[in-house]
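Visitor: output the structure for:
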Amino acid sequence: MIPFRLIIGISGSSGAIYGVRLLEVLHGLSGEALAQVGLPEIETHLVVTPAAEVIIEHETPYTVSEVKKLASVVHDVNDLGASISSGSFLTAGMVVAPCSVRTLGAIATAQATNLLLRAADVTLKERRRLVLLVRETPLHLGHLRAMVAVTELGAIVMPPLPAFYPQPKSLDDLVNQTVGRVLDLFALPHNLVRRWEGLPRVVRQVKS
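Guide: Okay, the predicted model is just below:
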């Protein structure tokens, strides 16, 4: 049986913790939890850009080597002959977390100049799910047009915006909420998200 393969790209933008936390959660998913949703084992394929390596060391308590140990397979960003550079290598899709504006623009214009970009391009051409956690604000028109372009190509633009209805108590809560929503897009099991169940009836009555 082919494992559930997911490509994780970490590009050079603030917010490296999103990619790291995603890897942590995927690494910790047990066979029993996956079996409950009818999935085989998860195989993660990681690509980290040089700029992302700097940011991981600067923004998180992890070293780059520690992050890479969380992945099933680690690919060199310059290895355009890697397995994930071909559409015949079956995957469930790809997440770029975080996705820098430079990476966003390159994906929007099919510039497959490194393995992260090539893998994203392959994901789109094979009509697989590509999720981009674009990290930038404020946005100018060029950013917005790039987001429209990748959306038209089939990608999902998912800026890591915080949800406040769960009343987060820490930065970890905010990161987990976003990572949980990413996992939702691939129908993967987790308990990171407090699900919205509607306002209490008394609040709805007051509002109406």
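
Visitor: output the below-cut-off pLDDT ranges for this structure.
Guide: Residues of the chain meeting the criterion pLDDT under 70: 1, 201-208.

Visitor: ok, 90 please
Guide: Applying pLDDT under 90 to the chain picks out residues 1-3, 28-41, 189, 193-208.

Visitor: just the strands in it please.
Guide: 4-10, 42-48, 73-75, 93-99, 129-134, 156-157 (DSSP state E).

Visitor: beta-bridge partners for the most centrally placed residue in the chain, please?
Guide: Closest to where the C-alpha atoms of the chain average out (C-alpha atoms, centre = their mean) is residue 95, at 3.3 Å. The partner list for residue 95 in beta bridges (DSSP bridges) reads residue 8, residue 131.

Visitor: quick check: it touching residue 21?
Guide: No - judged on C-beta atoms under 8 Å, residue 95 makes no contact with residue 21 at a distance of 11.5 Å. For every residue, glycine as well, the C-beta is placed using N, CA and C.

Visitor: ok so, going back, quick one: which of the strands of the chain is nearest residue 179?
Guide: Set against residue 179 and scored by C-beta to C-beta, the strands of the chain come closest in strand 93-99, at 8.0 Å.

Visitor: what packs against the closest one?
Guide: Under the contact definition 3 or more C-beta pairs under 8 Å, 6 or more residues apart in numbering; DSSP states H and E, strand 93-99 sits against strand 4-10, helix 16-28, helix 115-125, strand 129-134.

Visitor: endpoints of stretch 9-22, how far apart?
Guide: Taking C-alpha to C-alpha, to the nearest Å as the measure, stretch 9-22 stretches 11 Å from start to finish.
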